Structures are given as structure tokens and as C-alpha cells.
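> fold the following.
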Amino acid sequence: MKAKGFGGVVLAADVSAKTEKEVRFHADAEGKEVVKAAFVMDEVKDAVGKRAGVLLVNDEGLYGSIKKQLT
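Numbering: from 1, shown residues only. Predicted coordinates:
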């Protein structure tokens with residue numbers, strides 16, 4: 001998360017507490033928002049082909065649209 005200019009971070013529902021804590025710490029340091037989604041890592045794999053629990057969204061507009069859909 002050292003890259004500046006990303007929109008925000010989306011966490012899968014089943015991400016570990018330690019991972020969530022670390023991501024939130026680094027996102028807060030960059031002044032970025034983190035949202036936790038209802039989907040799980042296996043659903044991310046089905047959608048994008050790679051199992052992941054942390055999704056960094058580079059585009060701020062896309063992040064805003066994703067955040068709207070999640071809340």
C-alpha cells in the first residue's frame with residue numbers, strides 16, 4: 001500500500017483478524033478507507049480467477065461504485 005493514489009481497499013468476509021488489522025493500519029496511514037464485504041475468498045476466486053481476501057482498488061471512481069454496492 002505504499003503506492004499513492006489508490007481508491008481504497010475491499011476485504012473479503014473471511015479474511016483473518018490479523019490480516020484485517022494490518023490492512024486497516026496501513027490504509028489509515030495513507031488516509032484511505034477499508035470496507036468489509038459479504039463475499040468470501042472463494043467467491044473472489046470464482047470472479048477473478050485468484051483466491052484473495054484483500055482487494056486494493058486503484059481507481060477512486062471504481063472504488064466508490066464498489067463501496068455503494070457493498071453498503
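> which parts of this structure are strands?
Counting by DSSP state E, the segments of the chain that form strands are 8-11, 33-36, 54-57.
> chain center to the second one: distance?
Right, strand 33-36. Its chain's C-alpha centre and that of strand 33-36 lie 6 Å apart, by Cα atoms, centre = their mean, to the nearest Å.
> count residues in the vicinity of residue 69, would you?
8 (other Cβ atoms under 10 Å). Heads up, the C-betas are built off the backbone N, CA and C, glycines and all.
> next: residue 43.
Applying other Cβ under 10 Å, I find that residue 43 has 15 neighbouring residues.
> what's the spacing between it and residue 53?
11 Å (Cβ to Cβ, to the nearest Å).
> joint contacts of these two?
The contact sets of residue 43 and residue 53 overlap at residue 12 (Cβ atoms under 8 Å, 6 or more residues apart in numbering).
> the nearest residue to residue 7 once chain neighbours are set aside: how many residues sit nearby?
Spatial nearest neighbour of residue 7, excluding adjacent residues (Cβ to Cβ, 6 or more residues apart in numbering): residue 63 at 2.8 Å. Per other Cβ under 10 Å, the neighbour tally for residue 63 reads 21.
> confirm for me that residue 63 is in contact with residue 27.
No - Residue 63 lies out of contact with residue 27 (Cβ atoms under 8 Å); the separation is 11.6 Å.
> rewinding a little: deepest of the strands of the chain, which one?
Comparing these on average neighbours per residue, with mean count of other Cβ atoms under 10 Å, the densest one is strand 8-11 at a mean of 22.
> how about CSV for the strands of the chain, with distance to residue 47 and mean pLDDT added?
Shown next, in CSV, are the strands of the chain (distance: least, Cβ to Cβ, whole Å; pLDDT from 0 to 100):
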stretch, distance to residue 47, mean pLDDT
strand 8-11, 12, 96
strand 33-36, 17, 95
strand 54-57, 10, 95
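> got those strands as TSV, with distance to residue 21 columns?
Converted to TSV, the strands of the chain look like this (distance: least, Cβ to Cβ, whole Å):
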stretch	distance to residue 21
strand 8-11	11
strand 33-36	11
strand 54-57	12
